[in-house]
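Trainee: Next comes the sequence, and after it the predicted model I'd like to discuss.
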Amino acid sequence: MLSSVLLKASRSPLARRAVTAIPVTRKVVDRFVAGENQAAAIAAVRALKAQGLYATLDHLGEDTTDAAQAAAIRDSYVALLGRLSAEGLADVAEVSVKLSALGQALPGGEQLAQDNAHAICEAAAAAGTTVTLDMEDHTTIDSTLRILKVLREDFPWVGTVLQSMLHRTEQDCRDLAYPGSRVRLVKGAYAEPASVAHQDKPEVDAAYERCLEILMAGGGYPMVASHDSRMIRAGRGAASAHGRTASDHEFQMLYGIRQDEQLKAARAGERMRVYIPFGTDWYGYFMRRLAERPANVAFFLRALVGR
Ligand code: FDA
């Protein structure tokens, strides 16, 4: 109930104005967001690299309302990739991109988002790293998978995200479990109707395990993105059952969540990548993190009342 209210609020301009106007919100946001600019994001990558962790960088932004804003986000990613290369960090850091930030929802937006993503992929190729397309709500999936297909013709290393909460995802996993494919498997962070998505956690979890099995049995590079110990154990089990080694799959978590587990995995020789969001447009991302965990709401409320 609380979670669905927060997810609705994550898309409400009125709630956005109210939440971002509260002075202490910023302090709470810092727990989940590395900083407002590229320098902060690069510093976070450097700190993770020193601990044996990998990174994927997300320039926060979504639901872009005009082409100029989409071009500005594209240019920021291109500049960021140049910096990663210049600072010797492209071996441990890639970028994650939301196509809605690149104009996907505008009229004619699929082509626009594809062109912008293509420019980002060119910069990633020059830097020697990769790009993964984030997955947004279910209405965008067919468009995102079409763009993925086109991008992969020129950049066969482009990856994407699939969400186990959706009924369609097991089939999408089968379609994308081929050699060279990179799939980041998540549970899904958006409020989705029962017509397209499992509504209960046990069903989402069971679907996650079935998807893991398909991806680990296939020929691609599975990225197990979850903080849930059960899913991580299932990922390890499926990887070993299918004879995978530490270099042909990886685990991923979000910045600021379960850092102890991130380090433990890296120390045990697993590849653990941390998803680092940065930038000023943190509202939607922050609200989805609150929705995932009531304890985060309590943390926020305590900060509000100064305790
Ligand atoms: P679950 O929510 O069941 O949590 C299991 C446990 O993890 C909790 O009990 C708690 O201990 C811990 N935990 C989880 N969330 C927490 C939080 N916010 N704060 C503190 N502790 C928390 N989604 C999407 O729809 N599209 C996308 O493109 C992506 N991309 C993405 C990339 C990466 C690298 C990750 C890790 C996640 C995403 N997600 C996403 C988000 C994903 O769909 C999902 O909402 C979150 O990962 C939470 O689900 P868990 O699998 O962690 O399990």
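Mentor: Received, thanks. Numbering: from 1, shown residues only.

Trainee: make it CA atoms for all contacts and neighbour counts henceforth
Mentor: Will do.

Trainee: what ranges do the helices span in the stretch 201-307 of the chain?
Mentor: 201-217, 229-241, 259-267, 283-292, 294-304 (DSSP state H, counting those that start in this stretch).

Trainee: Ok, the stretch 1-150 of the chain next?
Mentor: 2-9, 13-21, 25-29, 38-50, 67-86, 109-127, 141-154.

Trainee: what's the least confident stretch among those helices?
Mentor: Looking at the helices of the stretch 1-150 of the chain, the lowest mean pLDDT belongs to helix 25-29 (a mean of 80).

Trainee: Output the contacting helices and strands for that helix.
Mentor: Here helix 25-29 touches helix 294-304, going by 3 or more CA pairs under 8 Å, 6 or more residues apart in numbering; DSSP states H and E.

Trainee: distance between the helix it packs on and the chain's centre?
Mentor: How far helix 294-304 lies from its chain's middle: 23 Å, per CA atoms, centre = their mean, to the nearest Å.

Trainee: Please report how far the closest residue to S10 other than its chain neighbours lies from T132.
Mentor: Nearest residue to S10, sequence neighbours excluded (CA to CA, 6 or more residues apart in numbering): G284, at 4.9 Å. Applying CA to CA, to the nearest Å, the value for G284 to T132 is 19 Å.

Trainee: higher neighbour count, those two?
Mentor: Neighbour count, other CA atoms under 10 Å: between G284 and T132, T132 has more, with 23 against 19.

Trainee: Point out the residues in the stretch 201-307 of the chain that sit beside the ligand.
Mentor: Residues of the stretch 201-307 of the chain lying close to the ligand by CA under 6 Å from any ligand atom are 225-228, 252-254, 257, 275, 289-290, 292-293.

Trainee: hmm, 5 Å instead?
Mentor: Applying CA under 5 Å from any ligand atom, one finds that the stretch 201-307 of the chain approaches the ligand through 225-228, 252-254, 275, 289, 292.

Trainee: just to revisit the earlier point, how near is the residue nearest to S10 to the ligand?
Mentor: G284 sits 12 Å away from the ligand, going by CA to the nearest ligand atom, to the nearest Å.

Trainee: can you offset everything so residue one is 57?
Mentor: Will do, 57 is the new start, and the previous item becomes G340.

Trainee: Quick check, pLDDT for that residue.
Mentor: Reported pLDDT for G340: 87.

Trainee: what residues are up against the residue nearest the centre of the chain?
Mentor: In the chain, the centroid-proximal residue (CA atoms, centre = their mean) is D190; its distance is 5.2 Å. For D190, the contact set (CA atoms under 8 Å, 6 or more residues apart in numbering) comprises 152-155, 216-217.

Trainee: repeat that for 7 Å
Mentor: By CA atoms under 7 Å, 6 or more residues apart in numbering, D190 lies in contact with 152-154, 216-217.

Trainee: Looks like T185 contacts E150 (just checking).
Mentor: Yes. Using CA atoms under 7 Å, T185 is in contact with E150, at 5.6 Å.

Trainee: Could you break the chain into its assigned domains?
Mentor: 57-88+339-363, 89-337 (automatic domain parsing).

Trainee: most tightly surrounded among these?
Mentor: Highest mean neighbour count among those (mean count of other CA atoms under 10 Å): domain 89-337, with a mean of 19.

Trainee: Let's see the distance spanning that domain from one end to the other.
Mentor: Termini of domain 89-337 sit 10 Å apart (CA to CA).

Trainee: How far off centre is that domain?
Mentor: 4 Å.

Trainee: Also stretch 321-341?
Mentor: So, by CA atoms, centre = their mean, the centroid of stretch 321-341 is 8 Å from its chain's centroid.

Trainee: re the thing from before, quick one: closest of the helices of the stretch 257-363 of the chain to H223.
Mentor: Closest to H223 of these is helix 257-273 (CA to CA; 8.6 Å).

Trainee: quick one: the closest one to helix 285-297, angle?
Mentor: Interaxial angle of helix 257-273 relative to helix 285-297 (axes from the mean of the first three to the mean of the last three CA atoms, to 10 degrees): 20 degrees.
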